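Asker: Everything below, folded, please.
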Amino acid sequence: MKPADSRILTINGGSSSIKFALFEVGEPLRRILGGELERIGTPQAALRVKGLNSADNFSRPVTAADHTVAVGALADWIEKHSGRDALAAVGHRVVHGGPKYSEPQQVTAEMIEELHGLCPFDPEHLPLEIELIEAFRQRHPRLPQVACFDTAFHRTMPRVATLLPIPRRFEAAGVRRYGFHGLSFEFLMAELVRLGEPAATKGRVILAHLGSGASLAAVRDGKSIDTSMGFTPTAGLVMSSRSGDLDPGLVSYLARTEQMSAAQFQKMVTHESGLLGVSQTSSDMRDLLDRETKDLRAAEAVGLFCYQAKKWIGAFAVALGGVDTLVFAGGIGENAPPVRERICDGLGFLGIELDQECNAKSASLISSQAGRVKVRVIRTDEELMIARSASRVLDLGPIRKTLASA
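Answerer: Reported below is the predicted structural model:
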């Protein structure tokens, strides 16, 4: 067993799940295990773990009536696995940092109070993320925790890309475009640097994180200049159950014709729309691809997703003045060759052309030799970015030197 205070736990909380990973402090950080507490709040709640050793691979039921109880179940298992004093820190993915938090920071009582104030910005994520932070504080009051904000990557966007065309008084309250998936985008850019991709530091990159949540980012010389999500993660590209961009006139229309309240509208555009709303059968791209030849609604959902992603790539190519590298990531971006093919079809005028064989195998480089733009598939790793950030913020031993030289 490693000495005390040698491991970093990363937490990525969802509405009914907690994804986690355990990293050993060292040069470099080493992932020991990862897993998920799923179906929290139901009798079917389960803890699923995958580790370096086969003995650590299992799935078993747990009692988890809510996220606080789930944290207890997870902490119990980690303490049994690694020892009570094994943790050096806990790092959390926090979706919205509002106008103040533009870099990872150690959690303080003042931060928690300010995050409570930001809950109206993102009622879908922030309350649960605060609950997870508080649960760890109650269990281990002296254990350092670090909040890693998904909005931070986009802090470099020019002002014109952050403005919302509504009365200026709202901007003073922090109502503007922020962008999300920052931890994923930060990892992808670091990977491009590691791969020796010149565009990562001096060039034009479009990043496409395509999963149940989906967004794209335009990056010039290593800095975000625009992104498809906006004030909340519901904006931009159509997603698994989120609508993406909509005509704001729908709010008043549905209020008049359906007597739909603001809360009902929020539920609809967040949980009942997107691929699920169009297909009426599934929010999972894998299901829709299987059904599209015999189900028009599934085919239209897939078509809409690919069409909108193609439009965002085109828009960002204009914003960047061209594109040198296109990266696909996320569950769909990494694992769905037909989706990548349809998104890139017809983009030859931008220099984007795929090698069909490489794309079918989801190779790391899927562009053809004839194409001017390098098209890559990179498996994103938000947990590693959280662990790196926690190491840097808390100055945990040799990791600081590793990051400084990266």
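Asker: can you pull the contacts of residue 216?
Answerer: Each residue near residue 216 by CB atoms under 8 Å, 6 or more residues apart in numbering is listed here: 206-209, 227-228, 236-237, 309, 312-313, 316. Glycine gets a C-beta too; all of them are placed from N, C-alpha and C.
Asker: Out of the residues you listed, flag the one nearest to residue 251.
Answerer: Distances from residue 251 to the contacts of residue 216, taken as CB to CB, are shortest for residue 236 (17.7 Å).
Asker: Once you drop chain neighbours, what's closest to that closest one?
Answerer: What sits nearest to residue 236 in space, not counting adjacent residues and going by CB to CB, 6 or more residues apart in numbering, is residue 228, at 3.3 Å.
Asker: which residues touch that neighbour?
Answerer: The neighbours of residue 228, taking CB under 8 Å, 6+ apart as the test, are 179, 215-217, 235-237, 312.
Asker: do you know how far it is from residue 316?
Answerer: Plainly put, residue 228 is 8 Å away from residue 316 if you go by CB to CB, to the nearest Å.
Asker: what helix or strand does residue 308 sit in?
Answerer: Secondary structure assigned from DSSP states H and E places residue 308 in helix 296-320.
Asker: contact partners of that helix?
Answerer: With CB under 8 Å, 6+ apart as the contact definition, helix 296-320 has outside contacts at 204, 206, 208, 210, 214, 216-218, 220, 225-226, 228, 236-238, 244, 275, 278-282, 285, 287-289, 291-293, 323, 326, 339, 342-347, 350, 352.
Asker: Stretch 93-103 now?
Answerer: Residues lying outside stretch 93-103 but in contact with it, judged by CB under 8 Å, 6+ apart, are 10-13, 111, 114-115, 118, 121-122, 125-126, 129, 147-152, 155, 174, 176, 178, 180, 183, 232-233, 382, 386.
Asker: Buried ones only from the residues you listed, please, as a PyMOL command.
Answerer: To isolate in PyMOL the members of the contacts of stretch 93-103 that are buried, counting by 16 or more other CB atoms under 10 Å, one can use:
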select buried, resi 10+11+12+13+111+115+118+121+122+125+126+129+147+148+149+150+151+152+155+174+176+178+180+183+232+233+382+386
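Asker: Restricted to strands, list the contacts of stretch 93-103.
Answerer: 10-13, 147-149 (DSSP state E).
Asker: By pLDDT, give me the weakest of those residues.
Answerer: Lowest in pLDDT among those is residue 13, which has 89.
Asker: Select only the buried ones of the contacts of helix 296-320 in PyMOL?
Answerer: Written as a PyMOL command, the selection of buried residues from the contacts of helix 296-320, which uses 16+ other CB under 10 Å, is:
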select buried, resi 204+206+208+210+214+216+217+218+220+225+226+228+236+237+238+244+275+278+279+282+285+287+288+289+291+292+323+326+339+342+343+344+347+350+352
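Asker: Let's see which of the contacts of helix 296-320 end up in helices.
Answerer: 275, 278-279, 285, 287-289, 291, 339, 342-344 (DSSP state H).
Asker: pLDDT and distance to residue 35 for those residues - can I get that in a markdown table?
Answerer: What follows is those, written out as a markdown table (pLDDT from 0 to 100; distance: CB to CB, whole Å):
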| residue | pLDDT | distance to residue 35 |
| --- | --- | --- |
| 275 | 98 | 26 |
| 278 | 98 | 32 |
| 279 | 98 | 30 |
| 285 | 98 | 23 |
| 287 | 97 | 24 |
| 288 | 98 | 27 |
| 289 | 98 | 27 |
| 291 | 98 | 30 |
| 339 | 98 | 27 |
| 342 | 98 | 33 |
| 343 | 98 | 31 |
| 344 | 98 | 34 |
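Asker: returning to what we had before: export the ones in strands among the contacts of stretch 93-103 to JSON lines and append columns for distance to residue 68.
Answerer: Putting the ones in strands among the contacts of stretch 93-103 into JSON lines (distance: CB to CB, whole Å) gives the following:
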{"residue": "10", "distance to residue 68": "18"}
{"residue": "11", "distance to residue 68": "13"}
{"residue": "12", "distance to residue 68": "17"}
{"residue": "13", "distance to residue 68": "11"}
{"residue": "147", "distance to residue 68": "18"}
{"residue": "148", "distance to residue 68": "21"}
{"residue": "149", "distance to residue 68": "22"}
